[in-house]
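Q: I need the structure of the sequence given here:
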Amino acid sequence: MIMLSIIIPTLNEEKYLPLLLDSIKKQSFQEDYEIIVADAGSKDKTVEIAVNSGCRVIAGGLPPKGRNEGARAARGNSLLFLDADVILPEGFLSKLLEKFEEKDLDMSSTALEVISQKKIYKLGSALFNFYFKLNQRFFPCAGGFCLLVKKEMHQRLKGFDERIKVGEDFDYVRRAKKISNFYFFDSLKFLISPRRFEKEGRIRTFIKYLIIEFYQIVFGSVKSDIFKYRFGHYSKGRKKRV
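A: Residues are numbered from 1 along each chain as shown. Below is the predicted model of the structure:
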């Protein structure tokens with residue numbers, strides 16, 4: 001039987017976290033689960049929202065540390081890592097866990113859909129999903145925004161590499177692929193905010209992701225601050241309309 005621990009790293013996520021938590025509560029998933037919010041020192045109402053929603057709140061840090069701390073505190077035998085600006089469609093959890101068990105997997109991810117009616121985001125989502133599906137056997141990709149893994153496998157991997165500045169989720173999946181069963185479900189989609197692209201610019205962000213992926217393929221993990229990643233900067237400022 002699955003006991004699921006849902007782990008969410010946060011930093012100033014009062015605008016987005018309620019939407020994610022509400023989508024989790026509306027799931028038809030009937031198994032036992034817990035929600036762990038690994039907070040990196042939010043100055044807004046993130047922690048208050050999490051506590052009032054029945055989440056366990058622990059000290060986090062940058063995303064890899066937050067996920068690792070959440071995994072250490074987890075009571076479940078399966079871990080679902082989610083970003084705070086994700087929304088789960090109705091029935092998503094039940095379908096994902098059913099497929100996960102059917103294929104006897106150790107780790108899996110699914111396709112994404114950006115929450116927007118703009119054609120550029122429809123195209124971008126399709127390109128991301130195609131690339132993830134194409135590479136799942138030999139050079140797998142999966143973002144930490146939605147990643148399901150058995151706790152035992154997470155422990156074997158010794159968690160996310162906290163030395164990596166950006167792309168630690170890709171590194172995590174690629175290490176797992178060498179010793180476990182990984183699968184990308186393109187038939188399932190979760191929803192994600194376009195804030196990354198709205199904050200930094202659509203073209204600039206897309207090119208940045210391409211450069212980071214090329215760097216990882218050629219040179220390995222990004223352990224220097226060359227891309228100047230800053231956790232939480234997407235949450236600052238006014239929320240844009242989608």
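
Q: ok, the spatially most central residue of the chain to residue 111 distance?
A: For the chain, the residue sitting closest to the mean C-alpha position, by CA atoms, centre = their mean, is residue 145 at 1.6 Å. Note on residue 145: its distance to residue 111, by CB to CB, to the nearest Å, is 12 Å. The way it works is simple: take the backbone N, C-alpha and C, and place the C-beta from them, glycine included.

Q: show me where the protein has strands.
A: Under the criterion DSSP state E, strands of the chain are mapped to 4-10, 33-39, 56-59, 78-82, 86-87, 107-114, 146-150, 182-192.

Q: how about JSON lines for these, with distance to residue 212, mean pLDDT and mean neighbour count added?
A: Supplementary listing: the strands of the chain in JSON lines, determined by distance: least, CB to CB, whole Å; pLDDT from 0 to 100; neighbours: other CB atoms under 10 Å:
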{"stretch": "strand 4-10", "distance to residue 212": "19", "mean pLDDT": "98", "mean neighbour count": "26"}
{"stretch": "strand 33-39", "distance to residue 212": "23", "mean pLDDT": "97", "mean neighbour count": "23"}
{"stretch": "strand 56-59", "distance to residue 212": "28", "mean pLDDT": "98", "mean neighbour count": "16"}
{"stretch": "strand 78-82", "distance to residue 212": "19", "mean pLDDT": "98", "mean neighbour count": "24"}
{"stretch": "strand 86-87", "distance to residue 212": "20", "mean pLDDT": "98", "mean neighbour count": "20"}
{"stretch": "strand 107-114", "distance to residue 212": "17", "mean pLDDT": "96", "mean neighbour count": "22"}
{"stretch": "strand 146-150", "distance to residue 212": "17", "mean pLDDT": "97", "mean neighbour count": "24"}
{"stretch": "strand 182-192", "distance to residue 212": "18", "mean pLDDT": "95", "mean neighbour count": "19"}
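
Q: closest to residue 166 out of these?
A: When those are ranked by distance to residue 166, counting by CB to CB, first place goes to strand 4-10 at 14.0 Å.

Q: what helices or strands is the closest one leaning on?
A: Based on contacts counted as 3 or more CB pairs under 8 Å, 6 or more residues apart in numbering; DSSP states H and E, the elements that strand 4-10 packs against are helix 17-25, strand 33-39, helix 63-73, strand 78-82.

Q: what residues are up against the residue nearest to the centre of the chain?
A: For residue 145, the residues meeting the contact criterion (CB atoms under 8 Å, 6 or more residues apart in numbering) are 81-83, 85-86, 112, 190, 192.

Q: phi, psi of it?
A: Torsion angles at residue 145 (phi, psi; degrees, to the nearest 10) stand at phi -70, psi -20.

Q: quick one, what contacts the residue nearest to residue 34 when sequence neighbours are not counted?
A: Leaving out its chain neighbours, the residue that sits closest to residue 34 by CB to CB, 6 or more residues apart in numbering is residue 5, at 5.4 Å. Shown in contact with residue 5 (CB under 8 Å, 6+ apart): 33-34, 36, 70-71, 74-76, 78-80, 151.

Q: recalculate using a threshold of 6 Å.
A: Residue 5 makes contact with 34, 74, 76, 79 under the criterion CB atoms under 6 Å, 6 or more residues apart in numbering.

Q: let's have these in TSV, adding distance to residue 158.
A: Listed next are these as TSV, based on distance: CB to CB, whole Å:
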residue	distance to residue 158
34	22
74	15
76	18
79	14
